[in-house]
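[1] model the following, please.
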Amino acid sequence: MSFISEFGYDDRYTLAIAGFAMMLFIFVYLVDVSSLGPVFAFMVASAPIWLPIVTFYLFFEAWMLFVRLKFDVGQGRTTLEIKIPQEIFKSPEAMEIVLTQLHQQANPDNHIETYIDGKHPPVMSLEVASHGGDVRFYLSVPKKKIKNLIETQMYSQYPGIEVHELDVDYTAEVPHDLKGYTAMTFHIGLKKADAYPLKTYIDFGLDKMPKEEEKVDPISSMLEMMGNLKPGENIWFQIMIDANRKETFKEGQLTFGEKPDWTKEARKEIDTIIEIAAKRTGISDIKEVQGGLNTNNILTDTEKDTIKAIERSTSKNAFNTAIRYVYVAKDEAFNAERIPAMLTALRNYDDNNRNALGVRWRTDTNWKFQNPGGRKVARWKLEEIMNYKRRSYYNYTSVDAKKIMTTEELATIFHLPGKVVTTPTLGRIPSKRSEAPSNLPIG
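    Residues are numbered from 1 along each chain as shown. From the prediction side, this is the model:
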């Protein structure tokens with residue numbers, strides 16, 4: 001039903017309506033109306049059997065949302081601003097190490113922790129925001145355990161930075177009701193299957209630590225775009241992550257058996273690539289390839305590169321990822337021409353042979369009749385601003401559900417840049433701090 005999402009509808013509601021329509025058709029055209037009395041009598045008589053099952057499935061999801069929200073509230077939340085020094089001599093691999101340390105699966109010790117306490121992997125948010133052209137880096141994390149951990153890791157990987165806890169969240173300048181403001185929000189996601197990685201810092205050669213003037217940093221396009229904003233304009237870029245993990249009933253998986261992590265699907269994609277290559281070269285039985293035939297002889301260079309990238313990804317930790325992109329400005333300062341620049345700034349991560357980032361949902365509709373009186377879009381915008389402030393995520397369609405991204409991909413999109421990024425309004429520490437000389441005369 002995903003094609004329905006392209007028209008701005010939530011396909012889950014569409015399925016519910018379609019199911020009701022089918023039931024109505026069956027009762028009207030296939031069931032003898034005179035026999036409905038016994039049918040309803042049977043339904044009522046058997047209600048002690050089917051009603052608890054139906055009620056349980058309806059209740060389960062709502063209960064899990066409630067206990068997990070309670071758990072999150074108990075953990076507390078804080079926003080940390082990262083102030084960048086004038087020079088950073090680290091590749092994005094430094095941020096990948098930080099993200100690896102943040103891969104907290106929070107596996108429960110027992111079922112009580114899952115279904116009563118609501119224990120689950122913590123949700124963290126990597127953010128870049130521009131306030132009228134003043135560009136800043138932020139981290140929004142749970143206070144318990146994660147705050148101290150991330151501060152320690154950031155200082156260890158990026159000497160010279162400053163991490164400050166904000167007394168008031170930077171989003172507070174925009175009112176909840178958007179009075180006096182105009183907003184546009186995008187949900188950004190992978191265009192292909194999660195197994196296919198984006199173009200990462202390794203592909204850009206940043207892992208080889210080239211000279212600063214020789215670096216090609218993909219994050220520079222977004223930072224330059226954000227640095228050009230005028231007073232009254234804001235762009236917020238948010239990456240919400242929580243650890244991807246295997247799940248059983250103990251972790252909150254309702255169905256029988258085990259819900260595997262993402263690597264199983266990744267390996268299936270590798271098998272699919274090999275199978276396509278085998279058929280192209282006239283090998284009808286895939287077992288001939290799996291049975292010992294050298295696959296390098298049937299794969300193209302592009303296919304080899306893709307398989308190599310997928311295999312590298314499976315060796316990394318991965319997160320369930322949701323990306324939100326917001327442009328919010330005072331009514332008189334809103335400039336719709338900013339929106340195309342926002343989206344094209346993400347093209348640096350695209351690889352036509354593997355994967356790309358794109359808009360999966362937006363606070364707009366394709367057709368006017370989908371937004372009678374403008375009420376639906378207005379409600380969406382209020383919800384999205386509130387969800388950004390709360391660091392929560394709701395996918396309106398199946399297309400914009402959370403995607404799987406590895407630490408390598410995330411570190412490419414979010415990392416602290418060196419001097420290759422020349423954005424003058426990027427918030428950097430004015431001067432490098434150092435200790436006073438030991439022989440400094442005193443008195």
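
[2] where along the stretch 201-350 of the chain do the helices fall?
    Secondary structure of the stretch 201-350 of the chain by DSSP state H, counting those that start in this stretch: the helices cover 220-227, 263-280, 287-290, 301-314, 338-344.

[3] list the buried residues of the fourth one.
    So that's helix 301-314. 303, 306, 307, 309, 310, 313, 314 (16 or more other CB atoms under 10 Å). No exception for glycine: its C-beta is placed from N, CA and C like everyone else's.

[4] tell me the one of these nearest residue 150?
    Among those, residue 313 lies closest to residue 150 (CB to CB), at 23.4 Å.

[5] and the contacts of stretch 55-66?
    Stretch 55-66 has contacts (CB atoms under 8 Å, 6 or more residues apart in numbering) with 115, 118, 252, 254.

[6] dump it to CSV, restricted to CA.
    Extracted C-alpha coordinates of stretch 55-66, given in CSV (Å, rounded to 0.1, in the frame of the first residue of the first chain):
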residue,chain,number,x,y,z
THR,A,55,-8.3,-6.2,22.9
PHE,A,56,-4.9,-7.4,23.9
TYR,A,57,-3.4,-6.6,20.5
LEU,A,58,-5.0,-3.1,20.6
PHE,A,59,-3.8,-2.5,24.1
PHE,A,60,-0.3,-3.9,23.7
GLU,A,61,1.1,-1.2,21.5
ALA,A,62,-0.5,1.6,23.6
TRP,A,63,0.9,0.1,26.8
MET,A,64,4.4,-0.2,25.4
LEU,A,65,4.4,3.4,24.3
PHE,A,66,3.2,4.4,27.7
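
[7] looking only at pLDDT, what's the mean for that stretch?
    Stretch 55-66 carries an average pLDDT of 82.

[8] distance check, residue 120 against residue 107.
    10 Å (CB to CB, to the nearest Å).

[9] also residue 297?
    Distance from residue 297 to residue 107, by CB to CB: 43 Å.

[10] still on that earlier bit, which of residue 120 and residue 107 has more residues huddled nearby?
    residue 120 (23 against 16; other CB atoms under 10 Å).

[11] pull up the distance across stretch 227-239, start to finish.
    19 Å (CA to CA, to the nearest Å).

[12] what's the average pLDDT for that stretch?
    95.

[13] ok, now stretch 428-443?
    59.

[14] same check on stretch 365-374?
    80.

[15] what about it, distance to the chain center?
    27 Å (CA atoms, centre = their mean, to the nearest Å).

[16] stretch 179-196 too?
    9 Å.

[17] also stretch 355-375?
    Distance, centroid of stretch 355-375 to centroid of chain: 19 Å (CA atoms, centre = their mean).

[18] contacting residues around that stretch?
    5-9, 183-193, 196-198, 323, 343, 346-347, 349-350, 376-377, 380-381, 384, 395-397, 399-400.

[19] sounds good, over and out.
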